[in-house]
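Student: A structural model of the following input is requested.
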Amino acid sequence: MNGCLHIFKLDKESCLVTSFAFRVRTNSQVTDELLNGCSEILADIVDFTWWSDHILTLGKRNGFVTMLDILSGLKLIENEPIYSQPVVERVQQFEGYLFVLESLSSENEFDLSNSNRITHDLNQREETSENGSNLSDISKLHWSLRSFSERSVPEMYKILIGSSKHQAALDFADRHGLDRDEVLKSQWLGSGQGINDIHAFLSNIKDKVFVLSECVNKVGSSEEVAKALLAFGLQLTNGYKFSESNSQESDEIWDFRMSRLQLLQFHDRLETFIGINMGRFSVQEYSKFRVMPMNEAAIALAETGKIGALNLLFKRHLYSLVHFMLDILAAIPETIPVQTYAQLLPGKSPPASTAMREEDWVECDKMVSFINKLPENHDIGSQIRTEPVVKRLLGSFWPSTDDLAVWYKNRARDIDSYSGLLDNCLCLIDFACQKGVYGLKQFHEDISYLHQLVYADNDGEISTSMSLVAWEQLSDYEKFRTMLQRCKEENVVESLRNKAIPFMHKRSHSVTLATQQHTADGHSEVDHTKGESFLVRWLKEISLANKLDLCLMVIEEGCRELQSCGFFKNEVEVVDCALQCVYLFTVTDRWSTMSAILSKLPHKQGSFCIKWTQLAQNILLYYFQSVFLFVVNH
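Tutor: Predicted coordinates:
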C-alpha cells in the first residue's frame, strides 16, 4: 500500500523465515545491510516480477528498474539506460518472454499493434529519464512480463486471418508471397454476403470450387442477392461446355456441370416461389422450397386450397408433377367448387403447350445419359432434374383414358362421401366429359338422375339422402323404381315424364326376365316369362299392392297419346299391362276403378278380345271363389 517491498528468506531445512540480507558494493567492497525496515532500494516500488529463477526485478515510480540477485543479495543493475526503455532485452533463460513497460488507463488494455501509443510512451519515458520531471505521468507506468511464442509464416498467416485482421493479413501475404484467397474467403464469410460483397470478395477468389459451392449453397438475404449468386455461379460454370474432342473428362468437370444444373433448378424454383407468394421473398421458406420434392410442395398447396399457386406450379413444372397429378388433385378439399380448379383437371391428352424456359446447353442428351448412370439415392437427385431434363428422361407421359375414368369416378364418390355436395360431383364429371373422357357418359347420367331425385322439390329441399355409392349399387330397374317411390296420384305423371320415362328409354326399353339356371347335371331351367319394360314391371308391383288409383292415372296418361307420350311401346303392351294389373288386384270393392282402367284401353279387335275374355273368366272365377268362401265361413 505504501510502495515498500519486504523480502523474506525461507530456510527449508530448519523451517525458518528470516529477513533478506541486502548486500551493497562500496569501493569494490561488499557489505551486508539487514533490511529491518524499508530501505531506499525497496521503497517507492510500483510493481515487481521474477526476471529469472533467482533474479527479482523491481519497477520504481521514477521509471527505473532495479534487479536483485536473491542468491548473492547483490543489486545487479543501476541506472542502465536500456532498462528504462519500454522493451527490455530478451531473457536468455526464458526465451520468448519480454519485460514491457506499459502506460495503461483503467479503461484500455495494452495493444502491441498500437505503434503510435508505444512511440508516445517511449518519448514520454525518455523525457522523464532525462529531466527527472513529470512524476505524475511516470506514476501511470506499469511493468509486466509478456510472453511471445515463435510462429511459422503459415501459422502467423492463420492467426492474422483468424483474428479478422484482414488488411494486415493481405500485407503479410504480399510480403511472403502467400495466396490471398484465404483472406478473401474470410472476408466473404464474415461479410453480409450482399451484391457488393460478391463483387468485392467472391469474384476475386481463385478457388472456383469454393466459389461455386458458395453460389450453390448460399441462399441470399433477399431476392436480388439470391439471383446475383445464382447468376455468378452460372457465369462461372459456363466454361465447361461439351466438346467433341474431350472424350475423357475429369470428375471435377462433371461436378461443375452438375452444379450448373442445380443453379438452373434453384433459379427456376426462385421464379416459381416468387410467383406463388405474390412477390414476397422469405429466406427460410425459399430455402425449404427449393430443395423439397415438387410433388410435396404441390400437395401442400392443394391441401390448403391455394388453387392459383397450384395452377402456377403445374404451368412451370408440369413434367415434374405429371406422375403425381392425380394424387395432387385428390388432395384439394372436397368443399371447394370444381369450377375454381377446372383448368387443372386432366383430359384425354396433355396440354398442347407448356410454359417452359429455353433449354440450357447443359440440359442435353449427354448430361441426361450421365444422370441415368447415377445411383437412385443420389444426394442431389431431385435438385438436378430441371424441367427440360425431366422431359428428356420421361418423355411424354400422360395417364390413359381408362385410368382417368377410374380416377374421376373415385374422386366423385369421395366428394359425395366427405362433403355430400352432389353439385360438385356432377360438375366434376361434366368437365371430364368435356375434356374427352367419354367413358363417363353413363356415370354422368347416373349422377344427374340422383341429383334430380335428391333435389326433387322446386324449393331445393332434399327429398332423399341416398349416397352416390348406394345409388350406383342399384340396378337400373331399382333406380327407376326409386324415382317413383314417393309419387302420389297428383304428381306421378309429372315424375314419369321428367325423370323415370327418359331414364327407362336411355337404359333399356325392356328387361328380359327369362334367365337360365344351370343345374348340377348340366340341364337348365328356363323362365319363359315375357320381357317387360320398367314401367310395366312397376305397374304390376303397385297393382299387387292395391294402389289402383296410381295405376289408373298412369294407364290413362299412357293411352291418351300412345305414340307420342312414350309410356308404352304399342297398344298390345298397354292392353296386356292393364289386364295383368286388374288381375293382380286383391280387393273386391273397387270394381268401378277396375272398370275405369279397362275403359281407358284402346279398342282393337283380335288380341284385345282374347285378353278381355281371359280376364272376364278369371274375374268370374275369383268372384265365385270369394262367394263360396264367404258361405262356408258363415
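Student: taking the mean pLDDT, what do you get for stretch 74-92?
Tutor: Averaged over stretch 74-92, pLDDT sits at 48.
Student: How about stretch 369-388?
Tutor: For stretch 369-388, the mean pLDDT works out to 83.
Student: That one spans what distance, first to last residue?
Tutor: Chord length of stretch 369-388, first to last residue, is 14 Å (CA to CA, to the nearest Å).
Student: And for stretch 286-295?
Tutor: From its first residue to its last, stretch 286-295 covers 16 Å (CA to CA).
Student: again with stretch 346-353
Tutor: 14 Å.
Student: Please enumerate residues in contact with it?
Tutor: For stretch 346-353, contacts defined as CB atoms under 8 Å, 6 or more residues apart in numbering pick out 318, 322, 325-326, 329, 396, 398-399, 401, 404, 432, 435-437. For the C-beta atoms, the positions are set from N, CA and C on the backbone; glycine is no exception.
Student: So for it, mean pLDDT?
Tutor: Mean predicted lDDT for stretch 346-353 stands at 87.
Student: Compare the contacts of stretch 346-353 and tell me which has the most neighbours.
Tutor: Counting neighbours by other CB atoms under 10 Å, residue 432 comes out on top of those with 28 neighbours.
Student: Let me know the helix or strand that that residue is in.
Tutor: Assigned by DSSP states H and E, residue 432 belongs to helix 422-434.
Student: Please save the CA atoms from that helix in CSV.
Tutor: Presented in CSV, the C-alpha positions along helix 422-434 are these (Å, rounded to 0.1, in the frame of the first residue of the first chain):
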residue,chain,number,x,y,z
LEU,A,422,-73.6,-33.7,-55.2
ASP,A,423,-73.4,-30.5,-57.3
ASN,A,424,-69.6,-30.8,-57.1
CYS,A,425,-69.7,-34.4,-58.2
LEU,A,426,-71.9,-33.6,-61.2
CYS,A,427,-69.7,-30.6,-62.1
LEU,A,428,-66.6,-32.7,-61.9
ILE,A,429,-67.9,-35.4,-64.2
ASP,A,430,-69.3,-32.8,-66.6
PHE,A,431,-65.9,-31.3,-67.0
ALA,A,432,-64.4,-34.7,-67.5
CYS,A,433,-66.8,-35.4,-70.4
GLN,A,434,-66.0,-32.0,-71.9
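Student: Buried residues in that helix, which are they?
Tutor: Buried residues in helix 422-434, counting neighbours by 16 or more other CB atoms under 10 Å, are found at 422, 423, 424, 425, 426, 427, 428, 429, 430, 431, 432, 433.
Student: same for it, what does it pack against?
Tutor: Applying 3 or more CB pairs under 8 Å, 6 or more residues apart in numbering; DSSP states H and E, one finds that helix 422-434 contacts helix 401-419, helix 441-454.
Student: what's the burial count for the residue lying closest to residue 70 once chain neighbours are set aside?
Tutor: Using CB to CB, 6 or more residues apart in numbering and skipping the chain neighbours, the partner closest in space to residue 70 is residue 54 (5.4 Å). The tally of other residues near residue 54 (other CB under 10 Å) stands at 12.
Student: Surely residue 54 touches residue 68?
Tutor: No - using CB atoms under 8 Å, residue 54 makes no contact with residue 68, being 9.3 Å away.
Student: sorry, back to before: in helices only, show me the contacts of stretch 346-353.
Tutor: 318, 325, 326, 329, 401, 404, 432 (DSSP state H).
Student: so what's the last one up against?
Tutor: Okay, so that is residue 432. With CB under 8 Å, 6+ apart, residue 432 has these contacts: 345, 347, 404, 405, 408, 440, 444.
Student: one more time with 10 Å
Tutor: Contact analysis of residue 432 by CB atoms under 10 Å, 6 or more residues apart in numbering lists 338, 345-348, 404-405, 407-409, 411-412, 438-441, 443-444.
Student: Kindly provide the distance from it to residue 5.
Tutor: Per CB to CB, to the nearest Å, residue 432 is found 103 Å from residue 5.
Student: Give me the neighbour count for the closest residue in space to residue 43 that isn't next to it in sequence.
Tutor: Excluding the flanking residues, the one nearest residue 43 by CB to CB, 6+ apart is residue 4, at 5.6 Å. Neighbour count of residue 4, defined by other CB under 10 Å: 13.
Student: and this structure, what are its domains?
Tutor: Per the TED database, the structural domains of the chain span 8-88, 493-512+534-602.
Student: Deepest-packed of those domains, please.
Tutor: Of all the domains of the chain, domain 493-512+534-602 carries the top mean neighbour count, a mean of 17, counting by mean count of other CB atoms under 10 Å.
Student: Give me the distance between the two termini of that one.
Tutor: Domain 493-512+534-602 stretches 19 Å from its first residue to its last (CA to CA).
Student: Use 722 as the first number for this chain going forward.
Tutor: In the new numbering, first residue 722, that becomes domain 1214-1233+1255-1323.
Student: what about it, average pLDDT?
Tutor: Averaged over domain 1214-1233+1255-1323, pLDDT sits at 81.
Student: wait, doesn't residue 886 sit right on residue 880?
Tutor: Yes - counting by CB atoms under 10 Å, residue 880 is a contact partner of residue 886 at 8.6 Å.
Student: between those two, what contacts are shared?
Tutor: Joint contacts of residue 886 and residue 880 (CB under 10 Å, 6+ apart) are residue 893.
Student: Which one's more surrounded, the two?
Tutor: Between residue 886 and residue 880, residue 886 has the larger neighbour count (other CB under 10 Å), namely 16 against 13.
Student: Quickly note the distance from the more buried one to residue 1049.
Tutor: Residue 886 sits at a distance of 55 Å from residue 1049 (criterion: CB to CB).
Student: can you check residue 1160 too?
Tutor: Applying CB to CB, the value for residue 1160 to residue 1049 is 22 Å.
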